[in-house]
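Enquirer: next comes the sequence, and after it the predicted model I'd like to discuss.
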Amino acid sequence: MIIGLGNPGKEYARTRHNAGFQAIDVLAEMYGQGPSKRSDKFDAELAEGKVVAVPVLLVKPHTYMNLSGQSIRSLVDFYKLDPKAQLLVLCDDIDLPLGTLRLRRTGSAGTHNGLKSIVETFGEDFPRLRIGIGPKQDNVDLAAWVLSAMTSEEEKILKSAYEKIPEMVKEFCSL
């Protein structure tokens, strides 16, 4: 299961905090096997896909960022998945330079509330691919900054980073 973190709704679509949703859209274009569907049961948008020969479920939780663990918990329980081996979480990261990608098998949530929700649910032992959105500007509230729209130049840099994600996911699924 590959989960992109973000917030549902058009008002959040182009924000920094929705980098995980945007990455899922890229993966769905490359590996998806049909349109995504809204699931009230899991409070998420789901799309089936296949990475090489590995079936995957592409997920965008609709619980809003701070409660991502709830939606993911229901999916993990339903599909009887091992978070350590069968999850990959994609999310934004203010501590990485804009456009930098970092894949880790485990780690803390840092300041990321979506990851905090997942860590509270499963512990720190699950893989995550962090997408660098760069540090916030001085004298700007963190929440306001991550929920603000990206500039066209920032979008261009992130688009280049998103293009690398399918290959990273392919390697991850092959392990």
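Expert: All right, it came through fine.

Enquirer: output the worst-scoring helix or strand of the chain on mean pLDDT as PDB, restricted to C-alpha atoms.
Expert: The helix or strand of the chain with the lowest confidence, counting by mean pLDDT, DSSP states H and E, is helix 142-146 at a mean of 91. Once non-C-alpha atoms are left out, helix 142-146 reads as follows in PDB (Å, rounded to 0.1, in the frame of the first residue of the first chain):
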ATOM      1  CA  LEU A 142       4.500  26.900  10.000                       C
ATOM      2  CA  ALA A 143       0.900  25.800   9.400                       C
ATOM      3  CA  ALA A 144       0.100  28.800   7.300                       C
ATOM      4  CA  TRP A 145       3.300  28.300   5.200                       C
ATOM      5  CA  VAL A 146       2.700  24.600   4.500                       C
END
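
Enquirer: ok, residues contacting the following helix or strand past it?
Expert: The first helix or strand that comes after helix 142-146 along the chain, using DSSP states H and E, is helix 152-162. The list of residues contacting helix 152-162 from outside it, by Cβ atoms under 8 Å, 6 or more residues apart in numbering, reads 14, 16, 19, 22-23, 26, 98-101, 131-134, 150. Any C-beta I mention is one placed from the backbone N, CA and C, and that applies to glycine too.

Enquirer: just checking, what packs against the helix or strand following helix 152-162?
Expert: As assigned by DSSP H and E, the chain's next helix or strand after helix 152-162 is helix 165-174. With contacts defined as 3 or more Cβ pairs under 8 Å, 6 or more residues apart in numbering; DSSP states H and E, helix 165-174 has these neighbours: helix 19-31, strand 44-51, strand 54-61, strand 88-93, strand 101-104, strand 128-132.

Enquirer: could you rerun that using 6 Å?
Expert: helix 19-31, strand 44-51 (3 or more Cβ pairs under 6 Å, 6 or more residues apart in numbering; DSSP states H and E).

Enquirer: quick check: R105 touching P127?
Expert: Yes - counting by Cβ atoms under 6 Å, R105 touches P127, with 5.1 Å between them.

Enquirer: looking at these two, which one has more neighbours?
Expert: P127 (20 against 14; other Cβ atoms under 10 Å).

Enquirer: does that one touch T106 like I think?
Expert: No - applying Cβ under 6 Å as the test, P127 and T106 come out as separate, 7.5 Å apart.
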